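Undergrad: sequence-free structure coming up:
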């Protein structure tokens, strides 16, 4: 990639699948957050335990059907 004459978009992957939740939980500590997931009415929300604030909401309309 670094040797190309023109910039381009590349996908670098490991072949392993991770959920968005797993990504959030892994990234949160870099921002000083500890995420706890709770149901709030019909949606799930992620609270930062350090501030007791909702920092992420899970919207079911973006769920994909299970992939093979």
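TA: Thanks, I have it. Just so it is clear, the model here is predicted, and its values are computed rather than measured.

Undergrad: residue ranges for the strands of the protein, please.
TA: Applying DSSP state E to the chain gives strands spanning 35-40, 43-48, 53-58.

Undergrad: which helices and strands sit right next to the second one?
TA: With contacts defined as 3 or more Cβ pairs under 8 Å, 6 or more residues apart in numbering; DSSP states H and E, strand 43-48 has these neighbours: strand 35-40, strand 53-58. C-beta coordinates here come from the backbone N, C-alpha and C atoms, glycine included.

Undergrad: worst average pLDDT in the ones you listed?
TA: Comparing mean pLDDT over those, the weakest stretch is strand 35-40, at a mean of 88.

Undergrad: That one pairs with which strands, and in what direction?
TA: strand 43-48 (antiparallel) (DSSP bridges).

Undergrad: since we're on the nearest residue to residue 49 once chain neighbours are set aside, how many residues are nearby?
TA: Counting by Cβ to Cβ, 6 or more residues apart in numbering, residue 49 lies nearest to residue 34, which is 4.2 Å off, once chain neighbours are set aside. A count of nearby residues for residue 34, using other Cβ atoms under 10 Å, gives 12.

Undergrad: Backbone torsions only: list them for residue 34.
TA: phi -120, psi 110 (degrees, to the nearest 10).

Undergrad: Distance check, it against residue 56.
TA: As defined by Cβ to Cβ, to the nearest Å, residue 34 lies at a distance of 13 Å from residue 56.

Undergrad: Look at the residue nearest to residue 49 and report its pLDDT.
TA: At residue 34, pLDDT is 95.

Undergrad: how about residue 43, what does it touch?
TA: Residue 43 makes contact with 57, 58, 59, 60 under the criterion Cβ atoms under 8 Å, 6 or more residues apart in numbering.

Undergrad: Thanks a lot, catch you later.
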